[in-house]
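Undergrad: Generate a structure from the sequence data that follows.
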Amino acid sequence: MSRERDRERRDPAVVAALREELGGAVSVDADVLDSARADRSGQVAAARPLAVVFARSIADVQAAMRIASHHRIAVVTRGAGTGLAGGSIAGGGELVLSTAAMDRILEISPDDELAVVEPGVINADLNRMVVPHGLWFAPDPASKEISTIGGNIATGAGGLLCAKYGVTREAVLGLKVVRADGTLLELGHRSVKGVTGLDLTALMIGSEGTLGVIVEATVKLIRLPTGTVATIGAWFADVRSAAAASAAITAARVRPAAMELIDARAVAFIAAHLGLDLPAGRAHLLVQTDGEGSEREAAEAVRIIASLGGDVELTTDPLEGERLLAIRRAFHPAMEEAAGATGRVLIEDVAVPRSALADMFAEISRIEALYGLTIPTVAHAGDGNLHPNFVFGGDVVPDVVWVAAGDLFEAALRLGGTLTGEHGIGTLKRHWLGAELGAGQLELQRQIKAVFDPLGILNPGKVF
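TA: So this is what the prediction gives:
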């Protein structure tokens, strides 16, 4: 009770200090506070946060962190709120630090093939700005039209094209980060190479707001691929056969720009969403090659698919290629439509070695039968990253779904995989973190967090 009374005395003083320093950037509006209690993970904080600071500059972030550190207030950094693991959910007494309004592209350097951006820049907006220069920011999460670069960095986001072009980690050269006490760190470099000291830039990527607040990023751009883009759509009798084909394509040293696998359940939902007559009860494999040698690689992929029983279609027509890609891109909207106005979708994320992809699909089928659930699944087959989806009615995730999800995480670990390929740990997967890392590594990671955040105010209760 005394702790509650202390908080009641402290909270108004904190809000007053924030408003004195930051003025109208501070909100305690109930709707604003409620929006920060949830993301897309299916979880909702039990109580409203204290306030939301809509930072517009590095100075705003520093001021908010100095006040939070002085008062020992927990801080949850938040971008677009599109996270899928609960990493940016804020609860009672916590301060939300939104960087969504820090959305300027500060520099585009065609000569150095890089851009300098604020964390609130939307992924797809950056690409719209750099494409006229013949350049491209390669990380392309499915949420690229709504997710921020800062959020992509905080979670280590991937996407459809990461098997060939890399995930966010490979695309970040340098960062500016505000520490818990409000001091500013400048990490990394603008040069192609740079190995001076420990790589603290890489440490920040995927840290989910637990080590500092990302306030600026220098990101690597690549030249747009030239030559023919070949797109392959293939249908298989079952998902194990499709997974075997994807593994064989990789083993043949073919490097698709994208290789996506959609199981039969997901195909049915997509067909209903798009109003298409897609093959019922069959799994779909999408393969796209680009750049030098794309036609040769596509021909080899077609040969492998046909040899393994797939019905295959190849096109080099851009419009037809987009039609085939649209099937995969419709997955998430189709899941939301399936859930309906009163339902929800829990989008999961595990990764296994590519050779174990078929076995992981078998595990998902086992879990479906065991718990009486339907779990439509897509996979970035080029890198073994699967996204099983749990569709359910109502706003609250049923207990059976959480139990089944736990079974799924453990299955991925048994197959030599990982709890998350690109969504992060957040609150959703904390329970299983020690099972993957081991006690020694987990304790070491907690010690590293304590170096950056000795008061433990940065995103407490997340990841560690």
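Undergrad: Let me know whether Pro388 touches Ile375 as I believe.
TA: Yes. Using CB atoms under 8 Å, Pro388 is in contact with Ile375, at 4.8 Å. Yep, even glycine has a C-beta here, placed from its N, CA and C like the rest.
Undergrad: Find residues that contact each of the two.
TA: Taking CB atoms under 8 Å, 6 or more residues apart in numbering as the contact rule, the neighbours common to Pro388 and Ile375 are Ile364.
Undergrad: The two: which is more packed in?
TA: Higher neighbour count among Pro388 and Ile375: Pro388, with 27 against 22, using other CB atoms under 10 Å.
Undergrad: Need the pLDDT of the more buried one.
TA: Here, the pLDDT recorded for Pro388 equals 95.
Undergrad: Validate this expectation: it resides in a strand.
TA: Yes. Assigned with DSSP: H, G, I helix; E, B strand; the rest coil, Pro388 falls within a strand.
Undergrad: Might you list the low-confidence residue ranges for the stretch 351-464 of the chain?
TA: Within the stretch 351-464 of the chain, not a single segment meets pLDDT under 70.
Undergrad: got the residue ranges for the strands in it?
TA: Along the stretch 351-464 of the chain, counting by DSSP state E, counting those that start in this stretch, strands occupy 377-380, 385-393.
Undergrad: which intervals of the stretch 101-250 of the chain have sub-threshold pLDDT?
TA: For the stretch 101-250 of the chain, no range has pLDDT under 70.
Undergrad: Out of the strands of the stretch 351-464 of the chain, which one sits most buried?
TA: strand 377-380 (a mean of 27; mean count of other CB atoms under 10 Å).
Undergrad: Adding distance to Gly233, write the strands of the stretch 351-464 of the chain out as CSV.
TA: Output for these, formatted as CSV (distance: least, CB to CB, whole Å):
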stretch, distance to Gly233
strand 377-380, 14
strand 385-393, 19
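Undergrad: of those, which approaches Arg446 most closely?
TA: strand 385-393 (26.5 Å; CB to CB).
Undergrad: contacting residues around that closest one?
TA: Contact with strand 385-393 is made by 158, 266, 335, 338-340, 342-352, 357, 360-361, 364, 373-380, 397-398, 401, 404-405, 408, 412, 421-422, as judged by CB under 8 Å, 6+ apart.
Undergrad: Which of those residues are buried? Put it as a ChimeraX command.
TA: Provided next is the ChimeraX selection string for whichever of these are buried by 16 or more other CB atoms under 10 Å:
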select :158,266,335,338,339,344,345,346,347,348,349,350,351,352,357,360,361,364,373,375,376,377,378,379,380,397,398,401,404,405,408,412,421,422
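Undergrad: Now go through the contacts of strand 385-393 and say which are in helices.
TA: 266, 335, 338-339, 357, 360-361, 364, 401, 404-405, 408, 412 (DSSP state H).
Undergrad: Of those, which is the nearest to Asp31?
TA: Nearest to Asp31 among the ones in helices among the contacts of strand 385-393, counting by CB to CB, is Ala339 at 23.2 Å.
Undergrad: OK, contacts around the closest one?
TA: Ala339 neighbours (CB under 8 Å, 6+ apart): 345, 391-393.
Undergrad: give me that answer again for 10 Å
TA: Neighbouring residues of Ala339 by CB atoms under 10 Å, 6 or more residues apart in numbering: 269, 345-346, 389-394.
Undergrad: Quick check: the gap between it and Gly83.
TA: The spacing between Ala339 and Gly83, counted by CB to CB, to the nearest Å, is 18 Å.
Undergrad: ditto for Lys220
TA: On the measure of CB to CB, Lys220 and Gly83 end up 24 Å apart.
Undergrad: Can you give me the domain assignment for this structure?
TA: 2-98, 105-223, 230-414 (automatic domain parsing).
Undergrad: Columns distance to Arg446 on top of these, output as JSON lines?
TA: Below are the domains of the chain laid out as JSON lines (distance: least, CB to CB, whole Å):
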{"stretch": "domain 2-98", "distance to Arg446": "17"}
{"stretch": "domain 105-223", "distance to Arg446": "10"}
{"stretch": "domain 230-414", "distance to Arg446": "20"}
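Undergrad: ok, so of the ones in helices among the contacts of strand 385-393, who is nearest Val75?
TA: Val75 has its nearest neighbour among the ones in helices among the contacts of strand 385-393 in Ala405, at 28.1 Å by CB to CB.
Undergrad: For the residue lying closest to the closest one once chain neighbours are set aside, which residues are in contact?
TA: Ranked by CB to CB, 6 or more residues apart in numbering and with sequence neighbours excluded, the top spatial neighbour of Ala405 is Glu348, at 6.1 Å. Applying CB under 10 Å, 6+ apart, we find Glu348 in contact with 41-42, 84-85, 364, 375, 377, 386-390, 401, 404-405, 408-409, 412, 419-420, 423, 428-429.
Undergrad: Understood, closing this out.
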